[in-house]
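S.K.: sequence plus predicted model, see below.
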Amino acid sequence: AWTANPWLDRIPFALESVIPGPMGQGWVIRDAAQHVLPLDLPDEKAWMLRAVSGGHPVPLTGEWNGEALTPIGVWVEERFLAL
């Protein structure tokens, strides 16, 4: 997306199956292959995301800014929960 439009400041993402959790001083999401992306999310919302996931993989949408993913919402029990 940045190759096509270098003026973009973020790119939308839809991730099928990731597990949110704390790491170091911040929060990350991890996929089945153990790839990690840092999250840009206040602790209150990060804990809510962790709670609704129950530590299990969930579908997540967000925006990538080149450094961290800002979650927008998560699918839980066939409902979309905005963060």
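M.R.: Structure received.
S.K.: next one: the residue minimising distance to the centre of the chain from residue 6, what distance?
M.R.: In the chain, the residue lying closest to the centroid (C-alpha atoms, centre = their mean) is residue 71, at 4.4 Å. From residue 71 across to residue 6, the span is 25 Å (C-beta to C-beta, to the nearest Å). (Each C-beta comes from the backbone N, C-alpha and C, glycine too.)
S.K.: and if you look at residue 66?
M.R.: In terms of C-beta to C-beta, residue 66 sits 11 Å off from residue 6.
S.K.: one more: residue 18?
M.R.: Distance from residue 18 to residue 6, by C-beta to C-beta: 27 Å.
S.K.: and what of residue 37?
M.R.: Distance from residue 37 to residue 6, by C-beta to C-beta: 21 Å.
S.K.: neighbour count winner among these two?
M.R.: Taking neighbours as other C-beta atoms under 10 Å, residue 37 and residue 6 compare with residue 37 leading, 18 against 7.
S.K.: grab the longest strand from the chain for me.
M.R.: strand 11-23 (DSSP state E).
S.K.: I'd like the average pLDDT over the very next helix or strand once past that one.
M.R.: The C-terminal neighbour of strand 11-23 among helices and strands, as given by DSSP states H and E, is strand 26-30. Averaged across strand 26-30, pLDDT comes to 97.
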